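Trainee: pasted the sequence and its predicted model underneath.
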Amino acid sequence: MKRTPVNPWSWSLQVGYNQAELIEGAKRLLHCAGQTAVDAEGNPQHPSDMRGQMALALDNLEAVLAAAEMGLADITQLKIYTTDMDETMKHFDVFGARFGSKGATPPTTLLGVTRLAMPTLMIELEATAADG
């Protein structure tokens, strides 16, 4: 599989993502449901702790990817939904550390929403991944 970054501007690279990626020769495509800070039984964890919720949502996303024999570096698009944009930006280094360690800069969208499926959840990650 060949991934070609598309960046008509360079500012997004400074915060860790490409504007787009051209994907050629992918053999498998994985659409992940939104991953949140829930335990293995679906119970919300880390109420009022954005950093904890981010880390657990990423753990859960990595578990889904691993079950498909993929990882964060295979993500071709990431959508982040948050109920608190300021708190998310304050802890955005959690994403930088996790994706940066994999050399991953997937196109990313960050959206503020009123609420998520469960009232105590503050962040949800939706991803598409591909491998070749």
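Mentor: Cool, got the structure.
Trainee: hey, let's count contacts and neighbours off CA atoms from now on
Mentor: Will do.
Trainee: now the terminal residues of stretch 28-47, how far apart.
Mentor: One end of stretch 28-47 to the other measures 36 Å (CA to CA, to the nearest Å).
Trainee: ditto for stretch 113-123
Mentor: Chord length of stretch 113-123, first to last residue, is 9 Å (CA to CA).
Trainee: and the contacts of that stretch?
Mentor: Stretch 113-123 is touched from outside by 36-37, 44, 47-48, 50, 53-54, 57, 80-84, 124, with contacts defined as CA atoms under 8 Å, 6 or more residues apart in numbering.
Trainee: filter those to the buried ones?
Mentor: 36-37, 44, 50, 53-54, 57, 80-84, 124 (16 or more other CA atoms under 10 Å).
Trainee: quick one: the helices in the protein?
Mentor: Along the chain, counting by DSSP state H, helices occupy 50-67, 85-90, 93-100.
Trainee: pick the most deeply packed of these.
Mentor: Each of the helices of the chain was given a mean neighbour count from mean count of other CA atoms under 10 Å, and the largest, a mean of 19, is that of helix 50-67.
Trainee: let me know the angle separating that one from helix 93-100.
Mentor: In this structure, helix 50-67 runs at an angle of 20 degrees to helix 93-100, with axes from the mean of the first three to the mean of the last three CA atoms, to 10 degrees as the basis.
Trainee: contacts for helix 50-67, please.
Mentor: Outside helix 50-67, the residues that touch it by CA under 8 Å, 6+ apart are 32, 35-38, 45-47, 71-72, 87-88, 91, 94-95, 121-125.
Trainee: taking those one by one, which sit in strands?
Mentor: Ile123, Glu124, Leu125 (DSSP state E).
Trainee: list the contacts of Tyr81.
Mentor: Listed by CA under 8 Å, 6+ apart, the contact set of Tyr81 reads Leu110, Leu111, Gly112, Val113, Ile123, Glu124, Leu125.
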